[in-house]
Structures are given as C-alpha cells and as structure tokens.
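Q: I'd like to go over a predicted model; first the sequence, then the structure.
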Amino acid sequence: MSDQELKSLISSTIECTICGEQDKLVVDHDHVTNEIRGMLCDKCNRGLGHFRDDPDLLEYARIYLLASKNKQEAADYVKIHSGLDLYEALQ
C-alpha cells in the first residue's frame, strides 16, 4: 500500500471494520506479511493480537461463547460448518 493509499484509508475510515466503534482507530496489519488489512478500534486490534491472528482460534472462541448460551445452537453451527456432531460432547 502506498503512503497516499494509507493516508486515504486513515482519513476515509470513520469506524472499526469489526465492531463499528468510532473512537481510537488504529491501522491493523498482518504481522507475518506486514500487509495493511484495514482500520480497527484499539480493542478489536488487540483482540486479534491476543488470538494470534489465528482465524481457527477465533472460531473456537465463538463456538465456546455460543455453547455457554445455547449448546444446541453451537452444536448445529459446528455440524453445518464442519460436519462434526458435537451436541453429545457439549451436553
């Protein structure tokens, strides 16, 4: 991304791409490739970092949260997206 493109991204982004927060936006980048991904609020940016930018860890966290609220919903989600039948394991 060129300096001009980065300046344009910063000046044109008014909210976090993930949660919509409008305060304390930061430039998010891939720590392996150094490519800029977009603008996030500080909390979402740090959250991705805490999950080591690993989509699988974020997905497992999502399932964990779903299961704490609705075990059947979490099991259905996992079955649809992975083919695994986890309802028995979540009981």
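A: Yep, that arrived.
Q: doesn't L40 belong to a strand?
A: Yes - under DSSP: H, G, I helix; E, B strand; the rest coil, L40 falls within a strand.
Q: buried stuff in whichever strand or helix holds L65?
A: According to DSSP states H and E, L65 maps onto helix 55-69. With burial defined by 16 or more other Cβ atoms under 10 Å, the residues of helix 55-69 counted as buried are 63, 66-67. Bear in mind the C-beta positions are built from the backbone N, C-alpha and C, glycine included.
Q: please produce TSV containing these, extended by distance to C41 and pLDDT.
A: Formatted as TSV, those follow (distance: Cβ to Cβ, whole Å; pLDDT from 0 to 100):
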residue	distance to C41	pLDDT
I63	24	81
L66	23	80
A67	26	77
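Q: reformat those as a markdown table; add distance to T33.
A: A markdown table is the format used below for the buried residues of helix 55-69 (distance: Cβ to Cβ, whole Å):
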| residue | distance to T33 |
| --- | --- |
| I63 | 27 |
| L66 | 31 |
| A67 | 33 |
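Q: how far off centre is the helix holding L65?
A: The chain centroid and the centroid of helix 55-69 are separated by 11 Å under Cα atoms, centre = their mean, to the nearest Å.
Q: export only the CA atoms of it, formatted as CSV.
A: Included here for helix 55-69 are C-alpha records, laid out as CSV according to Å, rounded to 0.1, in the frame of the first residue of the first chain:
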residue,chain,number,x,y,z
PRO,A,55,-9.0,-17.5,12.5
ASP,A,56,-9.3,-21.0,13.9
LEU,A,57,-8.7,-19.8,17.5
LEU,A,58,-11.3,-17.0,16.9
GLU,A,59,-13.8,-19.6,15.6
TYR,A,60,-13.2,-21.8,18.6
ALA,A,61,-13.8,-18.8,20.9
ARG,A,62,-17.0,-18.1,19.0
ILE,A,63,-18.2,-21.7,19.5
TYR,A,64,-17.2,-21.5,23.2
LEU,A,65,-19.3,-18.4,23.7
LEU,A,66,-22.2,-19.9,21.7
ALA,A,67,-22.1,-23.1,23.8
SER,A,68,-22.2,-21.1,27.0
LYS,A,69,-25.5,-19.5,25.9
